[in-house]
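Student: Model the following, please.
(one chain, ligands or ions: 1)
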Amino acid sequence: MTDFTYSVDADGVATLTWDVPGKSMNVMSREGFAQVSEMVDTALADDAVKGIVITSGKETFAGGMDLNVLAKIREEAGENPAQALFDFTMSGHHILRKLERAGMDPKTLKGGKPVACALPGTSAGIGTEIALACHRRFMADSPKAKIGLPEILVGLFPGGGGTTRYSRMVGAMAAAPVLLEGKMLDPKKAKGAGLIDEVVAPGELLAKAKEWVLSAADADIVKPWDQKGFKMPGGAPYHPAGFMTFVGANAMVHGKTQGVYPAAKALLAAVYEGAMVDFDTALRIEARWFTKVLMNPSSSAMIRSLFLNKEALEKGANRPDVPDQRVKKVGVLGAGMMGAGIAYVSANAGIEVVLIDAAQEAAERGKAHSADLLDKGMKRGKVTAEKKEEVLARITATTDYAALTGCDLIVEAVFEDMKVKAGVTAKAEAVIPEGAIFATNTSTLPISDLAKASKRPEQFIGIHFFSPVDKMMLVEIIKGKETGPVAVAKALDFVRQIRKTPIVVNDARFFYANRCIIPYINEGIRMVAEGVEPALIEHAATLLGFPLGPLQLVDETSIDLGVKIAKATKAAMGDAYPDGAVDKILFAMADQGRLGRKAKAGFYAYDEKGGRLGLWDGLGAAWPVAADQPELTGVQHRLMMAQVLEAVRALEDGVLEDIREGDVGAILGWGFAPWSGGPFSWLDIIGAERAVAICDGLEEAHGARFAAPKLLRNMAKAGETFYGRFGSGARAA
Ligand code: NAD
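Tutor: Here you go, the predicted structure:
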């Protein structure tokens, strides 16, 4: 069985149909490329063939390159992986260039065979790059179809000619949303953006493509860049308009990426340098930059975490082997901020929802949150009126626990209070079926303690969402001491239904994500107490690729929540509590009513509408800035290690069982520098030995919280890496 099949019809149109056996979506492999090459040769050499149509045997066209292939090439290349990657990339260019020139005479540009691409549905990455090499692109008008080049989102850029072709088709500025932001467009928008030429009814797709192939003239199949006097749309770099574009683009990319994403810079360089030379040289330049990006450890770490491992976790890499546990009816207890969000994402995924609160009005308000979100979706043209009706009809807002009859899953999101939670657990368990699973969304209370209120602790589990529920992609599943495999499978199947990414961790204070975020925030506040310039703290974080500095983050999550957590932690830890210096500032801010963004006052100052104006100038008066300021790198090491060491300790303690979950969870849960691939990938990039040296320096200067964990020290001695030691597919502990 092959990935592509070849057939020629009575009219002389050769059809290459992409249909990778055993996969729901086509992905490009080395073998696939070789088949395309051979089939194109055959079609061009056969006088009976008048033209070519490339299409797919599936509902979609392609998901992109099989990213495992790139990893394999690098692994198998021995001494010179860069050469192997470059050669592979260039061989792809040759195949697509052959398709594009289609046998025409290079001088007269006559005699080529027209090539059309017929896209039945979604196309990404190399799929779109193949389409761009064709002479005309037809896409079926299917509501779910999207087309684009999203490589940048996993730390790459379109390196199969997409960067060079698309920027030459529409100009650098117009190409930016597709190339630099990885935007996927629906067929109509894609036509507007020049990615495709015609949107046709699905039933007419092949007929239209063939019709065009049979009627196309010589001039219709010569690409602008193969014609004399080609000029880059929007201007090449030394054209006045082009000059403006490139200067602006450079600044914009740097502003957005802080210079930490190698792919964005490389993409821009490939477009800039490519725009000044002929097309074939530009492809060569693109291949060189692409190779450079592939050789950068950041790209492999991003591909591993954001693509391969994220997908593996979503597909149930750590799911116990028990039968399908998909949820049919979920009961959500507490219709506040979290409960309302959980109800929405569940109903949106087709699950029947019973949303309970203490008062009918509160339950209704919770349901209204779904209506608000659906209205917003309608305004953006993403949701139809029928869909809104349908989703809302699935949510029953009530105070009556009897409505929970028949629920196979409960998610509790009432006040963060042991007694209140125990009360609703008993009330719900009195009505739900024997086999139902009870989950709590607590963020701070131990699952094993909450399970004591349950009659069936092996069916009791933590399902911890992040706020806002509809936007945040991570869900932390927490096993209590007695939680059984069916409960874990249920939680995982539920998370899969609502299309989020799960990690499964063991029960310990703050579980995984909050355990790492809190020290990050605290280190930032501690530095304010020491007299470090607050702007230095915030910029040190954003320059590392964190979406928010620690002071902005605590403003967003709210300072009173910080106070609450600090008090509870202190009560639990007693004398061992390490954060007294942090609390002084936190409590003082809370006393002054500076509770963060929601109070329009916090570490930052805000305008009337809650827009951030800048760091609060009263900070310096209360906590004077020292005359001697630390080096930027020193501040960055503190902020980074505060989180990373906590992740390592979570692994050491057995809270984390799989480093893949530690990395994916960090990026999706709190935006941990995505370019690094996550805390464990970052440690592998800098090496355990260097990490220990940084820790030793920080421990000496700032105290025991930076002491290198034993695991890290041992790994440094043994010259090990996390992914080497714990294996990308193996469980860690
Ligand atoms: P919230 O105060 O917005 O909502 C709690 C809701 O529970 C309220 O509507 C309240 O009326 C209702 N409630 C209280 N007692 C009840 C009872 N006996 N029966 C029925 N309903 C009752 O709180 P929230 O922010 O939605 O948090 C809920 C839970 O989620 C807490 O355990 C919290 O720790 C956890 N959590 C919160 C966040 C966050 O960012 N806010 C994130 C993750 C987890």
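Student: Wasn't Ile461 part of a strand?
Tutor: Yes. Counting by DSSP: H, G, I helix; E, B strand; the rest coil, Ile461 is part of a strand.
Student: Report the separation between Ala650 and Leu474.
Tutor: Noted for Ala650: a distance of 15 Å to Leu474, by Cβ to Cβ, to the nearest Å. For every residue, glycine as well, the C-beta is placed using N, CA and C.
Student: what's the strand or helix carrying Gly242 packed up against?
Tutor: Assigned by DSSP states H and E, Gly242 belongs to helix 240-257. With contacts defined as 3 or more Cβ pairs under 8 Å, 6 or more residues apart in numbering; DSSP states H and E, helix 240-257 has these neighbours: helix 172-179, helix 262-274.
Student: what's the closest of the ones you listed to Lys387?
Tutor: Lys387 lies closest to helix 172-179 among the helices and strands packed on helix 240-257, at 26.1 Å (Cβ to Cβ).
Student: If I look at the closest residue to Ala622 other than its chain neighbours, what pLDDT would I see?
Tutor: Nearest residue to Ala622, sequence neighbours excluded (Cβ to Cβ, 6 or more residues apart in numbering): Ala588, at 7.0 Å. With respect to pLDDT, Ala588 scores 96.
Student: was I right about Ala588 contacting Ala621?
Tutor: No. Assessed by Cβ atoms under 8 Å, Ala588 is found out of contact with Ala621, at 11.9 Å.
Student: Between these two, point out the one with more neighbours.
Tutor: Ala588 (13 against 8; other Cβ atoms under 10 Å).
Student: The more buried one falls within a strand, correct?
Tutor: No. Secondary structure of Ala588 (three-state DSSP): helix, not part of a strand.
Student: and the gap between it and the ligand?
Tutor: Note on Ala588: its distance to the ligand, by Cβ to the nearest ligand atom, to the nearest Å, is 23 Å.
Student: Thought Phe307 was touching Val154, still the case?
Tutor: Yes. Between Val154 and Phe307 there is a contact under Cβ under 8 Å: 4.7 Å.
Student: what residues are shared contacts of the two?
Tutor: When Cβ atoms under 8 Å, 6 or more residues apart in numbering defines a contact, the residues bordering Val154 and Phe307 alike are Leu67.
Student: Of those two, which one has the most company?
Tutor: Val154 (21 against 17).
Student: Leaving out sequence neighbours, find the closest residue to the residue of the chain found nearest the ligand.
Tutor: Scanning the chain for the residue nearest the ligand gives Gly336, at 1.7 Å (criterion: Cβ to the nearest ligand atom). Once flanking residues are discounted, Gly336 sits nearest to Ala413: 6.6 Å by Cβ to Cβ, 6+ apart.
Student: how about low-confidence regions in the chain?
Tutor: Residue ranges of the chain with pLDDT under 70: 728-733.
Student: Mind doing that once more with 80?
Tutor: Residue ranges of the chain with pLDDT under 80: 1, 727-733.
Student: Quick check: residues of it near the ligand?
Tutor: When proximity is defined by Cβ under 6 Å from any ligand atom, the chain lies next to the ligand at 333-339, 356-358, 362, 413-416, 420, 423-424, 441-443, 464-465, 467.
Student: returning to what we had before: adding mean neighbour count and distance to Met641, write the helices and strands packed on helix 240-257 out as a markdown table.
Tutor: As requested, these are exported to a markdown table (neighbours: other Cβ atoms under 10 Å; distance: least, Cβ to Cβ, whole Å):
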| stretch | mean neighbour count | distance to Met641 |
| --- | --- | --- |
| helix 172-179 | 22 | 35 |
| helix 262-274 | 23 | 23 |
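Student: Now distance to Ile559 too, for those, in JSON lines please.
Tutor: JSON lines is the format used below for the helices and strands packed on helix 240-257 (distance: least, Cβ to Cβ, whole Å):
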{"stretch": "helix 172-179", "distance to Ile559": "37"}
{"stretch": "helix 262-274", "distance to Ile559": "34"}
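Student: Nearest approach to Ile694 belongs to which of the ones you listed?
Tutor: When these are compared by Cβ to Cβ, helix 262-274 sits nearest Ile694, at 22.1 Å.
Student: helices or strands up against the closest one?
Tutor: Using 3+ Cβ pairs under 8 Å, 6+ apart: helix 262-274 touches helix 162-170, helix 172-179, helix 240-257, helix 279-295, helix 297-302.
Student: any idea which of those is most buried?
Tutor: Mean neighbour count (mean count of other Cβ atoms under 10 Å) peaks for helix 162-170 among the helices and strands packed on helix 262-274, with a mean of 24.
Student: measure stretch 596-607 end to end?
Tutor: 12 Å (Cα to Cα, to the nearest Å).
Student: any idea how far Gly155 is from Ser299?
Tutor: Taking Cβ to Cβ, one finds Gly155 at 4 Å from Ser299.
Student: just to revisit the earlier point, give the full set of residues in contact with the residue of the chain closest to the ligand.
Tutor: By Cβ under 8 Å, 6+ apart, Gly336 lies in contact with 357, 362, 366, 413-414.
Student: element containing Ile478?
Tutor: Short version, using DSSP H and E: Ile478 is in strand 474-479.
Student: List the buried residues of the helix or strand just after that strand.
Tutor: Moving toward the C-terminus from strand 474-479, the next helix or strand (DSSP H and E) is helix 485-497. Using 16 or more other Cβ atoms under 10 Å as the test for burial, helix 485-497 gives 486-497.
Student: Also stretch 531-551?
Tutor: Those would be 532-534, 536-541, 544-546, 548-551, for stretch 531-551 by 16+ other Cβ under 10 Å.
Student: Val40 touches Ile52, doesn't it?
Tutor: Yes. Contact criterion Cβ under 8 Å: Val40 and Ile52 qualify, at 7.2 Å.
Student: Mutual contacts of these two, please.
Tutor: Shared contacts of Val40 and Ile52, defined by Cβ under 8 Å, 6+ apart, comprise 16, 99.
Student: residues contacting the residue nearest the centre of the chain?
Tutor: Closest to where the C-alpha atoms of the chain average out (Cα atoms, centre = their mean) is Leu306, at 5.7 Å. Leu306 makes contact with 153-155, 664, 667, 674, 677, according to Cβ under 8 Å, 6+ apart.
Student: and Ala48, how many neighbours does it have?
Tutor: The number of residues packed near Ala48 is 8, by other Cβ under 10 Å.
Student: Can you get me a residue count around Gly435?
Tutor: Using other Cβ under 10 Å, Gly435 is surrounded by 11 other residues.
Student: what helix or strand is it on?
Tutor: Per DSSP H and E: nothing holds Gly435, as it lies in no helix or strand.
Student: what sits against it?
Tutor: The contact partners of Gly435, taken as Cβ under 8 Å, 6+ apart, are 408, 459.
Student: Let me see the backbone angles for it.
Tutor: phi -90, psi 0 (degrees, to the nearest 10).
Student: now do the one 4 residues further on
Tutor: According to degrees, to the nearest 10, the main-chain angles of Ala439 amount to phi -120, psi 140.
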